[in-house]
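S.K.: Here is my input; please provide its structure:
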Amino acid sequence: MALSNASAGHVPPRAVPLPQRPLRFIALGSALVALLVALWAGLLRLGLTLPELSRELVSAHGPLMVAGFLGTVISLERAVAIGRRWAYAAPMLSGLGTAAMFTGLPVWTAALAVTASAAVLVAIFGVILWRLTALFTVIMTLGAVAWLGGNALWLAGEPVQRAVPWWTAFLVLTIAGERLDLSRLRQPSARARAWFIIAAALLVTGVLAGHWEGDAGARLAGAGLLLMPVWLARYDVAERTIRGSGLSRFIATCVLSGYTWLAAGGLLLLWHGATLGGPVYDAQLHTVFVGFVFGMIIAHAPIILPAITGQAVPYRPMFYAPLLLLHLSLLLRVGGDLAGTTSVRQAGGVLNEVAMLLFFVVTAAAVRMGRRPPAAAGTDSAR
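M.R.: Next up is the predicted model:
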């Protein structure tokens, strides 16, 4: 999911030929199916008694979320942005990887498809860098390379836990690069930008070092994850737009609260180091993947979905409902993790998923309301 404006990297979208339009909806459909199955698998992993999926799908909860859902959406948005037909191979290949997981094919077939998808995404960013070489495009390119690295580890037969730091870097660098682009409106000094580079370097170095020295690498990455949101909270335009109204204030609320969760994830890594399972690992993962990443998805859906689908998603105050539930339920989940209380962790995890589903219900309702004639819809726009 590319999470800021559709021009990420200031690459103007070209006119999209009609044959490409169905590809967008096929990719989006694949991403949504991957998300739904991943959520069901997540409930099973929380220990709930539900109709079981195959063992392979339950264990693929992480790959379904990162590759099947997030990777598909991010690569689709990039394909739309650069307007090249070949770029749609990225979301289609990740969709094929999702299909491979569903049909019970050997794990390596899914890993191969999503690794090929990441390779195409890296090529897309090669085009973006050729058009505009700037710090934020370099950072997002590093994110794509991190996705390729994590997928390659999974393809090589490494446990999913070994790929997770790479996938974390993929999502964090992608989002941070986009927000860095917008931070230019605040005109950070060269010295300030150097601190951002240090934060990104700590994250990348920690991921690389973690392959050989897990604990030290996790702590280095944690330092990067802590420093980066501190920098972004200082220079992001959200620090100003939070004082606005309507959509701009909503996005700023999502962004700044997301930075809080990212910093929390960094602190957990710094304090506990590398963990490969258990409650602390659950807290480390979900502060970043739920609090930060999904919070950013909620923030920018009214901007990104129209760019991909051509369907307007008008802002409505009801967008705050899933955001509030997401944060409160994540507080419950992380609190249960750190207190060692399984029932509290389960309750928070279930409500996390309710919040995600509520987000899609609210978005669909906003689209439906936006289609009404002005006379029926009443005064529009809380913007």
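S.K.: contacting residues for the nearest residue to Phe250 once chain neighbours are set aside?
M.R.: Once flanking residues are discounted, Phe250 sits nearest to Phe319: 5.7 Å by C-beta to C-beta, 6 or more residues apart in numbering. The C-beta positions use only the backbone N, C-alpha and C, and glycine is treated the same way. Neighbouring residues of Phe319 by C-beta atoms under 8 Å, 6 or more residues apart in numbering: 250, 298, 302, 362, 366.
S.K.: Kindly tell me how buried the second one is, as a neighbour count.
M.R.: To tie it back to what came earlier, the one meant is Ile298. Number of residues near Ile298 (other C-beta atoms under 10 Å) recorded here: 26.
S.K.: correct me, but it touches Leu325?
M.R.: No. Contact criterion C-beta atoms under 8 Å: Ile298 and Leu325 do not qualify, at 10.4 Å.
S.K.: related to what we said a few turns ago, ok, the residue nearest to Phe250 to Ile297 distance?
M.R.: Look at Phe319 and Ile297: by C-beta to C-beta, to the nearest Å, they are 12 Å apart.
S.K.: Spatially central residue for this structure, please.
M.R.: Val293 (4.1 Å; C-alpha atoms, centre = their mean).
S.K.: Would you mind listing the residues in contact with it?
M.R.: 1, 70, 171, 175, 258.
S.K.: one step back: which one among the contacts of Phe319 gets closest to Ala100?
M.R.: When those are compared for distance to Ala100 (C-beta to C-beta), Ile298 wins out at 29.1 Å.
S.K.: Give me the next element, helix or strand, following the helix or strand that contains the closest one.
M.R.: Taking DSSP states H and E as the definition, one finds Ile298 inside helix 295-309. Sequence order places helix 320-339 as the next helix or strand after helix 295-309, per DSSP H and E.
S.K.: Need the residues that contact that next one.
M.R.: For helix 320-339, the surrounding residues in contact (C-beta under 8 Å, 6+ apart) are 250, 253-254, 257, 261, 264, 279-280, 282-283, 286-287, 290-291, 294-295, 298, 341-352, 354-356, 358-359, 362.
S.K.: quick one on the thing from earlier: what about the residue nearest to Phe250, distance to Ser183?
M.R.: For Phe319, the distance to Ser183 equals 24 Å [C-beta to C-beta].
S.K.: same question, Leu225
M.R.: Taking C-beta to C-beta, one finds Leu225 at 18 Å from Ser183.
S.K.: Which one's more surrounded, these two?
M.R.: Comparing Leu225 with Ser183 by other C-beta under 10 Å, the one with more neighbours is Leu225, at 30 against 23.
S.K.: any idea how far that one is from Arg179?
M.R.: For Leu225, the distance to Arg179 - C-beta to C-beta - is 14 Å.
S.K.: Then Ala81?
M.R.: Applying C-beta to C-beta to Ala81 and Arg179 gives a distance of 16 Å.
S.K.: can you check Arg84 too?
M.R.: Arg84 sits 25 Å away from Arg179, going by C-beta to C-beta.
S.K.: Would you mind telling me which of these two has more residues around it?
M.R.: Higher neighbour count among Arg84 and Arg179: Arg179, with 26 against 16, using other C-beta under 10 Å.
S.K.: Just the element for the more buried one, please.
M.R.: Under the criterion of DSSP H and E, Arg179 resides in helix 160-183.
S.K.: State the pLDDT value of the nearest residue to Val354 once chain neighbours are set aside.
M.R.: Using C-beta to C-beta, 6+ apart and skipping residues adjacent in sequence, the residue nearest Val354 is Leu325, 6.7 Å away. With respect to pLDDT, Leu325 has a value of 97.
S.K.: all strands for the chain, in order.
M.R.: Using DSSP state E, the chain contains no strands.
S.K.: What is the longest helix along it packed up against?
M.R.: Counting by DSSP state H, the longest helix found in the chain is helix 342-371. Secondary-structure packing of helix 342-371 (3 or more C-beta pairs under 8 Å, 6 or more residues apart in numbering; DSSP states H and E): helix 21-45, helix 278-286, helix 295-309, helix 320-339.
S.K.: That's all I had, so thanks and see you.
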